[in-house]
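Peer 1: Based on what follows, work out the 3D shape:
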Amino acid sequence: MHVHRLRREITATHLTNRIVDHVGPGFAFRVREEVGADIAGLTRAYVAVSEIFGIDALWGEIEALDNRVPAATQMELMLLVTDLLRRAVIWLLRHQQQDNGIQAQVDYYQGGCSSLLRECPNRSPPQTGWRSIGG
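Peer 2: All right, here's what the predicted structure looks like:
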């Protein structure tokens, strides 16, 4: 893939699909209007937040609950992750310099966020016996 002549286009398509799948098709427009970030900055912030919080693994765990918990519970969990993504991307765009690299932001925030999440009590979604995601 590193030498593929269309690697930039493939990467852009993959990232666009992830953003649309996780936060919806209008997210980029709304964030650009609210924060004034360009698409490249928004995409960098999205990738950084996804890495900081382990969103892909979290999303996969929720999807793996098919036929194990009610669909409404799964949707509620996906909406919680979507809300986390939206809020964290906007926060990062407002509080970090846009020229900071993705890995620098991940390195700076990931350890603290992981520690904080470990200290949070596990909360079961209503009407399920399911305990937690990611732990």
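Peer 1: how many neighbours does Leu85 have?
Peer 2: Neighbour count of Leu85, defined by other Cβ atoms under 10 Å: 23. To be clear about C-beta, it is placed using only N, CA and C from the backbone, and glycine gets the same treatment.
Peer 1: Would you mind measuring from it to Arg7?
Peer 2: Distance, Leu85 to Arg7, using Cβ to Cβ, to the nearest Å: 25 Å.
Peer 1: just Leu65 next, same as before
Peer 2: 34 Å.
Peer 1: Give me the more crowded residue out of those two.
Peer 2: Shown here are Leu65 and Arg7; by other Cβ under 10 Å, Leu65 has more neighbours (16 against 11).
Peer 1: Do you know the pLDDT at the more buried one?
Peer 2: The score at Leu65 is 94. That number is its pLDDT.
Peer 1: go on, Met1?
Peer 2: So, for Met1, pLDDT stands at 64.
Peer 1: same check, this time on Gly54
Peer 2: At Gly54, the pLDDT value in this model is 91.
Peer 1: Next: the one 4 residues further on.
Peer 2: In this model, Leu58 is scored at 91, pLDDT.
Peer 1: Could you do Ala72 as well?
Peer 2: The model reports Ala72 with a pLDDT of 93.
Peer 1: where's it, which helix or strand?
Peer 2: If you go by DSSP states H and E, Ala72 is part of helix 71-95.
Peer 1: Grab the nearest non-local neighbour of Gln96.
Peer 2: Gln105 (6.2 Å; Cβ to Cβ, 6 or more residues apart in numbering).
Peer 1: Ser50 now?
Peer 2: For Ser50, the spatially nearest residue (Cβ to Cβ, 6+ apart) is Asp56, at 6.4 Å.
Peer 1: and Tyr108, what element?
Peer 2: Counting by DSSP H and E, Tyr108 is part of helix 102-119.
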